[in-house]
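Asks: coordinates for the following, if possible.
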Amino acid sequence: MQAEFHPFINTMQKMALYETKNRFFLVGSNNTQSKFRVLRIDRTELKRLSIHDDHIEYSHQEVRDLLSAVDVDGKQNRKSSQAFNRMVSAFGIVGFVHFLEGYYIILITKRRKIALIGHHTIYKIEDTSLVYIPNFGQKSLHKDESKYVRLFQSIDFSSNFYFSYSYDLTNTLQYNLCRPTEIRASTNDLYPEDFCWGVRSQPNFKFVWNEYLLKDALNVLHSDWQIFMTHGFVGQSNVSVFGKPYFLTLIARRSNKYSGTRFLKRGSNYKGDVANEVETEQIVHEAGVCWLNKARFTSFVQLRGSVPSQWSQPPVKIAKPPITIEICEPFAESAGAHYNQLLQRYGSPIIVINLVKKKEKKKHEAVLTDELVAGIRYLNVFLPSAYHINYVAFDMARMNKSKRRNVINHLNDVAVSCVKRTGIFQSKGPCASALLKETSSIQDFEKSFTQVIPAIRKAKLVSSETIEASEVPFRLQTGIVRVNCVDCLDRTNTAQFVVGKCALAFQFVALGVLTEPYLDFDSDCVRMLEELYEDHGDTLALQYGGSQMVHRIQTYRKTAPWTSQGNDIMQTLSRYYANTFSDSDKQNAINLFLGIFVPSPSKQPIWETITDYYLHHDKGERKDWESYTKWWDTEAFKYLPISFFEAGKICSEIIPVTKHDQRIDPYYEYYRPFELTVMTDTYVFTMAHSVSEDPPWKEEGHAKFVEKGYSRQESIP
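Replies: Next up is the predicted model:
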């Protein structure tokens, strides 16, 4: 039997920043205030960040003795209350940044619990504090310093930034539960009964939005101080079935590569990073069992992103700016680099659902369809047929105008086929309901997984003796469903909802709730999912497009009330205003925040630059391929259809521990026995809950999954 592994918990969750004339002292502690660490920051350095972390864990008395003995102005301090000034109370370090003068430290001063993944809590940042480190008496500031500070602070930290002390939010659940390569051969027979591994996985820096802010301190800070922050969306609802709670969680991770605003970031860069790239993960799990390796967890991941080629759409003051192919790529270099990334991260198959118009009287969107199809056709010539990029054309706008066709039903058929091909992740397998009733859908599911077994064995995710699919204790999602339209906003969000709805049915089958993978669109469960995807779409549209969605899921379902038309017009005007007048400043702020533009006295200020094209398209990145036919990574190709990232998973820290070691035991963080808690104020009481509408004692639990007769009529005026 293989030994268990559990993620380490960052213990520094409460902090206080103290200042003296020459130093800052950041004192961090765990929730119970039984373990402390001290960070010393030198304030006499003007241009250099000087941090000292002794990597020592102190008790409460030891940290008091340490601070009371601090030397202030060359004299031994005997009255610490007079020497120290407590400036800020905080919950974590976002990072450090400098512009033209000294460094600033950014601290999280307010947080809110937003979701639970088992025992692990996900927080949303509500407020931060920017503190200048050097002593103000040292030197006058550069004239542009304050402008850079204002531009940096225009990034609203209270707007959809998330972190966790114990769960790796930058990676998928499937990756987090995948065994690291270093411990795949270990067994419990060689260790004591209560033995397990404590691991700290490598974050996926593609989705770490404070990577640049941590760059100068990452090698100095102990891992207990380090917080990796994501940007996007997190939402959670509680589905009750016969009184048993299941948590439905939606996590969207925005890529920090080639990131920006709607008209200023289109297509891709030379490395294959596309504009508005968002990884959306849908997790369903039993809420009653909290340990990740004990409960049944299921997840499904899909992706949205701009058409991977060199195209642009200038933000001119007209309704539909022209689409221009900037660079002709006969060998599809940008597309090849992008799909190579997807093969490495997700495996095979890659299914591209293109929602862009195919036929138009005057070519506009269709230019992108031609470019996308040409790239995929070329790249597929050199791939084995088993790993071909699958292209699905679905002209959503044209079909929506037809009164004879139901766009959602047609899209649902496409979605079912896609989910069957990629599968879903299940921490326990095979499907729990497959033993109750074997439907053709479940048989297809298991048949597809059988084809993955050789790759699983090659990656050593199971022992070599495991031969049959039924003997594998989990199920993997292999490949990715990639959805795009022009903006990757309104149409894309509706399509992702339909794909997510189909995946949700398979997830409930895996959890033993349903006997066959079917959910009606007007059921309570799907309505809760629709609300999550509406919030998900609005949030991402605000971040990229400057307004909420114009065409919503109800628009394509044709159930939207007539009053929504006025709201659509207002959102269109809001998006037009944002794209025309404020996107340039927003793009400058993103470039400054992510370290794409680094200020310097010898450089032109960012607000005076005409374009940021060469910041995102470095000439050195565009190199001739070694081969125009072999565009994929050789190592990644060895493990297909499994993801190379999961097959070769490594951790930054692996330590043998006991199962009750507080460094891996989230009991204190989750239950908080050391403080008084009002039950009605806890997170699970405030989250969206299906019981609030239909208590389990009034109707059968499975009513959540069948059509409600009143649902469609309610939306008709």
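
Asks: so where's the stretch 251-400 of the chain shaky on pLDDT?
Replies: 316-319 (pLDDT under 70).

Asks: oh, I was asking about the stretch 451-600 of the chain
Replies: Ranges of the stretch 451-600 of the chain meeting pLDDT under 70: 462-473, 559-581.

Asks: let's see 90
Replies: Low-confidence segments of the stretch 451-600 of the chain (pLDDT under 90): 451-475, 489, 512, 514-517, 521-524, 545-584.

Asks: now the strands: where do they sit in it?
Replies: Using DSSP state E, counting those that start in this stretch, the strands of the stretch 451-600 of the chain run over residues 480-484.

Asks: helices and strands around the strand with the most length in the chain, which ones?
Replies: The longest strand of the chain (DSSP state E) is strand 103-117. Strand 103-117 sits against strand 14-19, strand 85-90, strand 92-98, strand 120-132, strand 230-241, strand 244-254, helix 683-686, with contacts defined as 3 or more CB pairs under 8 Å, 6 or more residues apart in numbering; DSSP states H and E. Where you see a C-beta, it was placed from the backbone N, CA and C, and this is true even at glycine.

Asks: the shortest one - what's its average pLDDT?
Replies: Averaging pLDDT along helix 683-686 gives 78.

Asks: now residue 311: closest residue in space, sequence neighbours ignored.
Replies: residue 267 (4.3 Å; CB to CB, 6 or more residues apart in numbering).

Asks: got a list of what the one you found touches?
Replies: Taking CB atoms under 8 Å, 6 or more residues apart in numbering, we find residue 267 in contact with 274, 275, 306, 307, 308, 309, 310, 311, 312, 326, 334.

Asks: in CSV: the residues you listed, plus secondary structure and distance to residue 244.
Replies: Shown next, in CSV, are the contacts of residue 267 (DSSP: H, G, I helix; E, B strand; the rest coil; distance: CB to CB, whole Å):
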residue, secondary structure, distance to residue 244
274, strand, 41
275, coil, 42
306, coil, 41
307, coil, 43
308, coil, 43
309, coil, 48
310, coil, 52
311, strand, 49
312, strand, 52
326, coil, 54
334, helix, 48
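
Asks: give me the buried entries from the residues you listed.
Replies: Neighbour-count burial (16 or more other CB atoms under 10 Å) applied to the contacts of residue 267 gives 274, 275, 306, 307, 308, 309, 310, 311, 312, 334.

Asks: so what's the residue positioned nearest the centre of the chain up against?
Replies: Most central in the chain under CA atoms, centre = their mean is residue 253, positioned 2.4 Å from the mean C-alpha point. Listed by CB under 8 Å, 6+ apart, the contact partners of residue 253 are 169, 170, 207, 230, 231, 232, 278, 279, 280, 281.

Asks: what sits against the fifth one?
Replies: Residue 231 makes contact with 160, 161, 162, 209, 253, 254, 256, 543 under the criterion CB under 8 Å, 6+ apart.

Asks: just name the closest of the residues you listed to residue 418, please.
Replies: residue 253 (20.3 Å; CB to CB).

Asks: and the strands in the stretch 151-300 of the chain, which stretches?
Replies: Using DSSP E, counting those that start in this stretch, strands in the stretch 151-300 of the chain cover 161-163, 195-201, 230-241, 244-254, 278-286, 297-304.

Asks: redo these as a markdown table? Include distance to residue 3.
Replies: Formatted as a markdown table, those follow (distance: least, CB to CB, whole Å):
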| stretch | distance to residue 3 |
| --- | --- |
| strand 161-163 | 29 |
| strand 195-201 | 6 |
| strand 230-241 | 30 |
| strand 244-254 | 27 |
| strand 278-286 | 23 |
| strand 297-304 | 19 |
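
Asks: that older thread, in CSV: the contacts of residue 231, plus distance to residue 633.
Replies: Conversion of the contacts of residue 231 to CSV gives the following (distance: CB to CB, whole Å):
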residue, distance to residue 633
160, 32
161, 31
162, 30
209, 26
253, 22
254, 24
256, 21
543, 30
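
Asks: was I right to think residue 124 contacts residue 157?
Replies: No. Judged on CB atoms under 8 Å, residue 124 makes no contact with residue 157 at a distance of 10.1 Å.

Asks: quick one: which of those two has more around it?
Replies: residue 157 (21 against 18; other CB atoms under 10 Å).

Asks: give me the beta-bridge partners of residue 393?
Replies: residue 354 (DSSP bridges).

Asks: that one and residue 404, how far apart?
Replies: 19 Å (CB to CB, to the nearest Å).

Asks: okay, the two: which has more neighbours?
Replies: Set residue 393 next to residue 404 and count neighbours by other CB under 10 Å: residue 393 wins out with 14 against 5.
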